[in-house]
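**Student:** need a structure here:
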Amino acid sequence: MPARSNEYQRLVYLINRALAQSEAQIIESAMLYDSEAQTEREIDILLKSKISGHEILIGIECTSVKNPVDLVRLEGLKEKHRKVGINKTVVVSRSGFTKTAKDYARKNHIQLLTFDAAQKTKWNEVFAPFKKLTIMGRTYKIKKVQIHAIQQSNEQPFILDDKVLVDWNGNLINLSKFCGEIWHSSEAGLRHGKELRDNEINGSGNPWVDIEFAFKEKIEFKDSNGTVVYPGAIRFLMHYSSNYHEINSKQVEYDGHEYVVGHYEGQKKERFASAFLREQAGKITGTLEVGGDWFSEVPTSE
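**Tutor:** Down below sits the predicted model:
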């Protein structure tokens with residue numbers, strides 16, 4: 001999170017990023033040059049988009065004052081945006097706007113939005129299951145692989161190593177990737193999440209998974225010499241390492257709509273996680289973003 005930001009601005013940023021069109025670029029605490037004052041000016045949230053090939057700049061300012069935003073404050077924001085080339089001004093307030101500010105905004109095409117992030121004693125029942133969100137990032141490392149296959153006696157011995165290619169859904173992938181594909185598609189990690197976590201906490205410090213999958217269809221395995229086998233099953237052992245962090249999720253009201261947003265940021269800026277959830281047609285949809293440092297290295301086993 002930029003040093004100039006705060007939790008309120010961060011939540012508004014997360015909502016706008018989730019709701020924006022996919023091609024739009026959203027920048028928090030953007031600095032734009034004011035040629036009249038010959039200095040850079042900060043825009044809380046800058047949204048860059050294109051319409052008919054022309055770049056459009058939308059500036060979103062987040063005000064957290066206790067009183068409704070008045071005309072003087074609104075005029076100041078509009079003037080700042082004019083000087084840095086903003087095409088459209090949006091102002092978000094936690095305390096509403098005065099009547100004169102609303103009249104000014106209407107005449108000057110300024111969009112006014114309200115934001116309520118007050119802690120609610122009773123969450124919307126649709127969002128209640130997400131009151132405490134924990135984000136988990138887990139890295140697996142394959143240590144051993146076995147296959148059960150019958151080989152023709154006149155063929156070269158099959159060599160099971162990291163050069164083996166597997167025909168998976170019409171694509172040739174290496175053995176390690178194949179193991180990862182069937183592990184994730186089985187959702188075993190989700191179904192046995194508590195067991196994996198307990199093993200990690202209470203074990204020897206080098207947790208592992210030993211699992212076997214039987215094949216219902218013929219799957220081609222080819223080694224580096226071109227020898228092909230069709231195993232009936234595969235068994236592999238993996239070591240793993242995880243990061244668990246609780247996101248400070250909030251149910252918020254933004255522009256008349258309710259959302260759940262949350263963010264976690266570690267000491268390293270690369271270790272962060274952001275979540276956004278909303279209800280659409282009776283279903284919960286949303287986005288999750290994590291930094292590259294979220295996935296830790298698996299300890300090397302002896």
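**Student:** which residues in the stretch 101-250 of the chain form strands?
**Tutor:** Secondary structure of the stretch 101-250 of the chain (DSSP state E, counting those that start in this stretch): strands at 111-116, 133-148, 165-168, 171-174, 208-214, 221-222, 228-229, 233-247, 250-254.
**Student:** Turn these into JSON lines, including mean neighbour count.
**Tutor:** C-beta: built from backbone N, CA, C; applies to glycine. Listed next are the strands of the stretch 101-250 of the chain as JSON lines, based on neighbours: other CB atoms under 10 Å:
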{"stretch": "strand 111-116", "mean neighbour count": "16"}
{"stretch": "strand 133-148", "mean neighbour count": "16"}
{"stretch": "strand 165-168", "mean neighbour count": "17"}
{"stretch": "strand 171-174", "mean neighbour count": "12"}
{"stretch": "strand 208-214", "mean neighbour count": "14"}
{"stretch": "strand 221-222", "mean neighbour count": "18"}
{"stretch": "strand 228-229", "mean neighbour count": "18"}
{"stretch": "strand 233-247", "mean neighbour count": "17"}
{"stretch": "strand 250-254", "mean neighbour count": "19"}
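**Student:** Pipe those into a markdown table and attach distance to residue 260 per row.
**Tutor:** Listed next are the strands of the stretch 101-250 of the chain as a markdown table, based on distance: least, CB to CB, whole Å:
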| stretch | distance to residue 260 |
| --- | --- |
| strand 111-116 | 13 |
| strand 133-148 | 8 |
| strand 165-168 | 36 |
| strand 171-174 | 37 |
| strand 208-214 | 32 |
| strand 221-222 | 45 |
| strand 228-229 | 49 |
| strand 233-247 | 10 |
| strand 250-254 | 5 |
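**Student:** Indicate which one of these is closest to residue 193.
**Tutor:** strand 133-148 (7.6 Å; CB to CB).
**Student:** Give me the below-cutoff pLDDT ranges for the stretch 201-302 of the chain.
**Tutor:** Residue ranges of the stretch 201-302 of the chain with pLDDT under 70: 204, 269, 292, 294-302.
**Student:** list the contacts for residue 67?
**Tutor:** residue 95 (CB atoms under 8 Å, 6 or more residues apart in numbering).
**Student:** Having no further points to raise, I will conclude here.
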